[in-house]
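A.B. asks: please find the sequence and the predicted model below.
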Amino acid sequence: MKAPALLLLLLLVDTTASQDQIPFGVRVTDNVTNTPDITYSTYVVYRGILLGGLNRLQNSSADFTFTYTQDPNYGPFLQSVNSVAGSSEARTYWELLVRTTDDKIIVPDVGIGCYIPNAHEEIILKYTKY
């Protein structure tokens, strides 16, 4: 076997090994109208980003939808969840929070395009006012 073919084989083996599923929950909460929370389960692949898990959830559940815009400087920006959109006029937005496995709620220092969920965390998408 020649060296380039061996290298390709090693890359393929490494790629498939990194496809482990990392499960996490998503809680949609509305702090503005106080509608009941809705929870979902999804996953990312090993070291996968939250955006991938949200896309997977949207593709597998008719009850969950979301939209985002792509900011040229800051990346994906969450616009709506389950047809409820943030509004500058109403001063509302979707806040990203994370309940860690040790039950702490944190505000991640990155957004949906960079956050890497850990197994069994709960992602909280909170509709709120500013």
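C.D. replies: Yes, it's here.

A.B. asks: from here on, just use CA atoms for contacts and neighbour counts.
C.D. replies: OK.

A.B. asks: pull the number of nearby residues for I22.
C.D. replies: Per other CA atoms under 10 Å, the neighbour tally for I22 reads 19.

A.B. asks: next SSE after the host helix or strand of it?
C.D. replies: I22 belongs to strand 21-30 when elements are defined using DSSP states H and E. Next helix or strand after strand 21-30 toward the C-terminus (DSSP H and E): strand 38-45.

A.B. asks: my read is that C114 contacts G52, right?
C.D. replies: No - using CA atoms under 8 Å, C114 is not in contact with G52; the gap is 10.1 Å.

A.B. asks: please enumerate the helices of this protein.
C.D. replies: Secondary structure of the chain (DSSP state H): helices located at 3-17, 50-60.

A.B. asks: what residues are up against the residue nearest the centre of the chain?
C.D. replies: In the chain, the residue lying closest to the centroid (CA atoms, centre = their mean) is L50, at 2.7 Å. L50 sits next to V44, I112, G113, C114, Y115, I116, P117 when contact means CA atoms under 8 Å, 6 or more residues apart in numbering.

A.B. asks: which single one of those residues is nearest to Q70?
C.D. replies: The nearest member of the contacts of L50 to Q70, counting by CA to CA, is G113 at 9.6 Å.

A.B. asks: quick one: that closest one from V32, how far?
C.D. replies: Going from G113 to V32 by CA to CA, to the nearest Å gives 25 Å.

A.B. asks: neighbour-wise, which of these two wins?
C.D. replies: Between G113 and V32, counting by other CA under 10 Å, G113 is the more crowded of the two (17 against 12).
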